[in-house]
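**Student:** how would this look folded up:
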Amino acid sequence: MHMPRTLFLFLLLTITQIFSAPVHAQDWARKMFKVHEHDFGTVARGSEQKFRFEITNLYKEDVVIDSVRASCGCTIPSIEKQTIKSLESGAILATYNTKSFVGSRGATVTVTISKPFFAEVQLQIEGFIRGDVVFVPGKIELGNIKHGATVTQEVTVKYAGRSSWKITDVQCDKDYYEVEIVDRSMVANQVHYRLLIRLKPEAPVGYIKDDLVLITDDADKGKLKLAVTGNVIAPVTVSPASMVLGTVPPGTQVIKRMVVKADQPFKITGITADQDGFSFEVSKEKKKVHLVPMTFVAPGEAAMINAIIRISTDIQDAPSLSSNVSVNVK
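**Tutor:** Below is the predicted model:
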């Protein structure tokens, strides 16, 4: 008995769609992640190691992250923002469990998305946790620092092994750090180093999340990462630093408010946008907080607009201010 050709083609198409649907679902969800794997490198036991897998909603519908799980207890995942609206960003935070594990450790983090469609995305974690080296504290936390200020923190590196062990250098891909090796000593058959980590005045405004790399004389796994975090605060700030206006019809007018503030009275000397359709109401008064209405008039046809708002003030030596605005005219 022969199957009619039309029925055969229909069944073939149906089977193909069934088996290819999960792949396509995986693809649309996977595209939202900036990276899909991270190697922590060689780290000390007890040190704080975190990595943000950034996710940006590229679609019109809300994206809902239902859950995350890891294949190994060496990685603890968490969701920073469960519902991500169109053009907004969130992250999956992966914390490397250096307190409970040593040696070469890796994990697969599975992210389950429930809306707008079901999908699962897998993220990969790798690293090596040295059990013979400990940082005290586990990371350098600089806290809030005024722009142009200098701040110093101390860290102790403890090594349980050969008495001749040495730290030969400390490196970073940022040039606004100074590291001083204060002393080297033997304490209870351990090698102890005291290091001073200094942030220079030229550090840029914004959040700091860097790694210092300690170079040792070990033949294998001789590089150790030490995390540094902090927030360099400008003398004048604007919030929000980025705005997502979402999807608006052509010709629509949208009004939002920006807050520009400082710790001293000041004037706003100018606000400009690098895209058409934006206008601002600026006070001529000198005050610590300025509430600036921003009006956006959408063009008459569909467009994806990403604008940079630049703000100037009369505060001397203050870094330039900017705010990003995204809108989908449709």
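
**Student:** how close does G90 get to Q122?
**Tutor:** Computed with C-beta to C-beta, to the nearest Å, the distance linking G90 and Q122 is 18 Å. All C-beta spots, glycine's among them, are computed from the backbone N, C-alpha and C.

**Student:** brain fart, R257
**Tutor:** Computed with C-beta to C-beta, the distance linking R257 and Q122 is 41 Å.

**Student:** longest strand anywhere in this protein?
**Tutor:** The residue-count maximum for a strand in the chain (DSSP state E) belongs to strand 119-136.

**Student:** Pull out the buried residues from whichever helix or strand comes after that strand.
**Tutor:** Scanning forward in sequence from strand 119-136 by DSSP states H and E, the next helix or strand is strand 140-146. Judged by neighbour count using 16 or more other C-beta atoms under 10 Å, the buried positions of strand 140-146 are I140, L142, I145.

**Student:** okay, how far is it across stretch 91-103, tip to tip?
**Tutor:** Stretch 91-103 has its terminal residues 27 Å apart, counting by C-alpha to C-alpha, to the nearest Å.

**Student:** any idea what sits nearest M32, other than its immediate chain neighbours?
**Tutor:** Distance criterion C-beta to C-beta, 6 or more residues apart in numbering; nearest residue to M32, sequence neighbours excluded, is I55 at 4.9 Å.

**Student:** how many other residues sit next to that neighbour?
**Tutor:** Burial measure for I55: 25 neighbouring residues, criterion other C-beta atoms under 10 Å.

**Student:** do P235 as well
**Tutor:** P235 is flanked by 18 other residues according to other C-beta under 10 Å.

**Student:** again with R130
**Tutor:** By the criterion of other C-beta under 10 Å, R130 has 20 neighbours.

**Student:** wait, isn't it in contact with V43?
**Tutor:** Yes: checked against C-beta atoms under 8 Å, the pair R130 and V43 is within contact range at 7.1 Å.

**Student:** any residues in contact with both of the two?
**Tutor:** Between them, R130 and V43 share these contacting residues under C-beta atoms under 8 Å, 6 or more residues apart in numbering: L224.

**Student:** how long is stretch 64-81 end to end?
**Tutor:** 9 Å.

**Student:** Contacts for it, please.
**Tutor:** Residues lying outside stretch 64-81 but in contact with it, judged by C-beta under 8 Å, 6+ apart, are 52, 55, 82-84, 88, 90-97, 100-101, 105-115, 125, 127, 129.

**Student:** Which ones among those map onto strands?
**Tutor:** Counting by DSSP E, the members of the contacts of stretch 64-81 that fall within strands are 52, 55, 83-84, 90-96, 107-115, 125, 127, 129.

**Student:** Please enumerate the strands of the stretch 101-250 of the chain.
**Tutor:** When assigned using DSSP state E, counting those that start in this stretch, the strands of the stretch 101-250 of the chain occupy the ranges 103-104, 107-115, 119-136, 140-146, 151-159, 167-171, 177-187, 190-199, 206-216, 223-233, 236-239, 242-248.

**Student:** Which elements pack onto the first one?
**Tutor:** In this structure, strand 103-104 makes packing contacts with strand 119-136, judged by 3 or more C-beta pairs under 8 Å, 6 or more residues apart in numbering; DSSP states H and E.

**Student:** What residues are bridge-paired with the residue sitting nearest the centre point of the chain?
**Tutor:** What sits nearest the mean C-alpha location of the chain, by C-alpha atoms, centre = their mean, is R52, with 5.4 Å. When bridges are assigned using DSSP bridges, the partners listed for R52 are L93.
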